[in-house]
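K.L.:
need the 3D shape of this:
(one chain, ligands or ions: 1)
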Amino acid sequence: MSKQTTVLKSPPVEAPKSLEQLSESEIERKAVIGRVTTHTLKYLTSKFVDRGFQWLLPVALSQCTDPLWPDPGASIEKRIEVDIYGKTVRTTASMIIHKLIASSTAYPKLFILSPNIRIEKAERAHTGKHVYEFTQLDFEAREATSKDIMNLVEDLLCGLVASVKRDLKDELIHLSRYDTLKVPKAPFKTYDKQELEAEYGADWETSVVMENGAPVWVTNIPREFYDFEDFKTGKWDNYDLFLPQYGEVMSGAKREWEYEKILAKIERDKINKDNYSLVLKLAEQGKLKPCAGAGIGMERIVGWLTGVKHIAETQPFPRIPGIVHEL
Ligand code: ASN
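P.N.:
Numbers count the residues shown, from 1 in each chain. Modelled structure (predicted):
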């Protein structure tokens with residue numbers, strides 16, 4: 001029997017309340033989650049700085065942002081564009097293109113805490129893992145391989161969990177998470193997406209994440225033009241990290257840098273070339289350098305550490321799809 005038939009869809013998760021609606025005990029819980037967020041930010045940013053990554057400030061409006069297409073997980077209801085100074089700019093969906101250019105020029109190793117706006121369909125309000133605005137810890141390293149980045153992320157994640165368990169024991173106990181949060185064991189299991197689809201069908205994500213109960217890698221995911229694809233084998237050199245219950249917490253890849261390939265993929269995906277003219281020009285001039293990197297969703301990683309039902313609980317000002325609060 002196919003394992004697909006044994007998979008249950010997760011039940012709908014209640015949308016978290018806005019800050020001013022919380023009771024006293026809920027305010028206390030919010031503050032405890034806030035302490036785990038502060039610890040996580042401090043731990044991860046200091047590890048990147050220690051390893052020689054430069055900390056860049058984010059941008060909110062650019063002519064060029066992530067097309068988020070084709071993306072197997074995409075559910076974008078609306079793309080925000082405004083005119084400023086006679087030019088059309090878009091709110092940051094991710095800083096991937098900025099990262100490629102920054103890593104090829106002044107900042108070989110970089111990271112950014114980047115607010116990403118993705119107006120998800122309102123039907124995702126109760127998945128517990130989607131928000132319409134989130135913070136991504138986006139990083140990139142020139143000349144790095146996929147293996148380098150996967151090793152780095154495994155080190156960071158194992159070290160982070162160990163440090164949270166050591167330094168924030170009371171907080172985890174308050175959240176009833178101390179006993180269930182286990183320090184993962186590296187190396188994490190790695191799956192090939194095409195093999196997963198062959199075995200489990202479209203529901204592979206639920207099956208794999210449910211079965212493992214630990215972080216796992218999924219590689220070879222066909223998606224946006226900037227991830228490296230071997231045109232001979234059809235394999236993609238990319239990697240997503242999945243956490244039990246919270247799904248994909250990080251996506252990353254070795255990147256394309258060659259003009260002909262980038263152009264062919266943009267045309268194949270029917271993406272407006274004009275929006276990517278700078279990256280195309282730099283690639284054509286040989287100024288785009290090979291690199292690899294990834295982006296960690298902060299709400300999902302803190303959500304997993306704290307065991308919240310809905311990741312918007314980790315946000316001081318929840319950004320739940322379809323629900324717009326005053327703050
Ligand atoms: N940050 C991701 C990456 O580095 C891209 C994304 O968020 N769509 O691959």
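K.L.:
near the ligand, which residues of the stretch 51-200 of the chain?
P.N.:
Residues of the stretch 51-200 of the chain lying close to the ligand by Cβ under 6 Å from any ligand atom are D66, S94, I96, Q136, D138. Bear in mind the C-beta positions are built from the backbone N, C-alpha and C, glycine included.
K.L.:
try 5 Å this time
P.N.:
D66, S94, I96, D138 (Cβ under 5 Å from any ligand atom).
K.L.:
and the residue in the chain that the ligand sits nearest to, what are its bridge partners?
P.N.:
For the chain, the residue closest to the ligand is G295, as judged by Cβ to the nearest ligand atom, at 2.6 Å. Here G295 sits in beta bridges with D138, S251, as judged by DSSP bridges.
K.L.:
what sits against it?
P.N.:
Shown in contact with G295 (Cβ atoms under 8 Å, 6 or more residues apart in numbering): S94, I96, S114, Q136, L137, D138, F139, M250, S251, G252.
K.L.:
just W236 next, same as before
P.N.:
Per Cβ under 8 Å, 6+ apart, neighbours of W236: T219, N220, I221, P222, R223, D227, F228, E229, D230, A253.
K.L.:
save these as TSV, and put in distance to K169 and pLDDT too.
P.N.:
Converted to TSV, these look like this (distance: Cβ to Cβ, whole Å; pLDDT from 0 to 100):
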residue	distance to K169	pLDDT
T219	35	98
N220	39	98
I221	37	96
P222	43	96
R223	39	96
D227	39	98
F228	42	98
E229	45	98
D230	46	98
A253	36	98
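K.L.:
mind checking which of the residues you listed are in strands?
P.N.:
Among the contacts of W236, the members falling in strands are T219, A253 (criterion: DSSP state E).
K.L.:
out of the contacts of W236, what pair is the most spread apart?
P.N.:
Farthest apart among these by Cβ to Cβ are R223 and D230. That separation is 14.4 Å.
K.L.:
who has more neighbours, the two?
P.N.:
R223 (21 against 10; other Cβ atoms under 10 Å).
K.L.:
work out for me the element the nearest residue to the more buried one once chain neighbours are set aside sits within.
P.N.:
In this structure, R223 finds its nearest non-sequential neighbour in D71, 5.3 Å apart by Cβ to Cβ, 6 or more residues apart in numbering. Using DSSP states H and E, D71 sits within no helix or strand.
K.L.:
hang on, the earlier thing: okay, the residues of the stretch 51-200 of the chain next to the ligand in TSV with pLDDT and neighbour count next?
P.N.:
Below are these laid out as TSV (pLDDT from 0 to 100; neighbours: other Cβ atoms under 10 Å):
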residue	pLDDT	neighbour count
D66	97	19
S94	98	21
I96	98	27
D138	98	25
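K.L.:
ok, of these, which one's closest to K78?
P.N.:
Closest to K78, out of all of these and judged by Cβ to Cβ, is D66, at 15.0 Å.
K.L.:
residues contacting that closest one?
P.N.:
Here D66 is in contact with T92, A93, S94, M95, I96, I97, E224 (criterion: Cβ under 8 Å, 6+ apart).
K.L.:
report the secondary structure state of it.
P.N.:
coil (DSSP: H, G, I helix; E, B strand; the rest coil).
K.L.:
how about it, phi and psi?
P.N.:
Backbone torsions for D66, taken as degrees, to the nearest 10, come to phi -60, psi 130.
K.L.:
again, but for R255
P.N.:
When read as degrees, to the nearest 10, the backbone of R255 gives phi -110, psi 160.
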